[in-house]
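1. Here is a sequence with its predicted model. Questions after.
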Amino acid sequence: MNAEEFEEKFDADKEDVVDDLDLSTARRVNQEQKRINVDFPSWVVEALDREAARIGVTRQSIIKVWLVERLEADAANKALSGDAASGAR
């Protein structure tokens, strides 16, 4: 199947196109996993475990979500600060 045929099939939205893809070589850009170790005081681990149990996720999941949320918020704040600084000139 060439790209045009694939695009027509996708646009028609009548069939699932996933079966036409070779997912064995697919990768998500900037999503490669890298293992790290972090040491926390026991009270932090206990608080993480309580919050993770409360919302029904693993400790690792809550750490990932919170870190990503913080990084995205910081990036958004920097972008806004940069926009404000450039608009004030």
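-> Done, it's in. Because the structure is a prediction, the values reported are computed rather than measured.

2. Could you report the neighbour count for F6?
-> For F6, the tally of surrounding residues (other C-beta atoms under 10 Å) stands at 13. The C-beta positions use only the backbone N, C-alpha and C, and glycine is treated the same way.

3. And G82, how close does it get to Q33?
-> Distance from G82 to Q33, counting by C-beta to C-beta, to the nearest Å: 30 Å.

4. which of the two has more neighbours?
-> Of the pair G82 and Q33, G82 is the one with more neighbours under other C-beta under 10 Å, namely 10 against 4.

5. Check R89 and give its pLDDT.
-> The score at R89 is 50. That number is its pLDDT.

6. what about the strands in the protein?
-> According to DSSP state E, the chain carries no segments that qualify as strands.

7. For A52, give me the pLDDT.
-> pLDDT, the model's per-residue confidence, is 96 for A52.

8. number of nearby residues for the residue lying closest to it once chain neighbours are set aside?
-> Residue nearest to A52 in three dimensions, not counting chain neighbours: I62, with 4.5 Å by C-beta to C-beta, 6 or more residues apart in numbering. The burial metric for I62, expressed as a neighbour count using other C-beta under 10 Å, is 17.

9. cool, D49 as well?
-> Counted with other C-beta under 10 Å, residues neighbouring D49 total 13.
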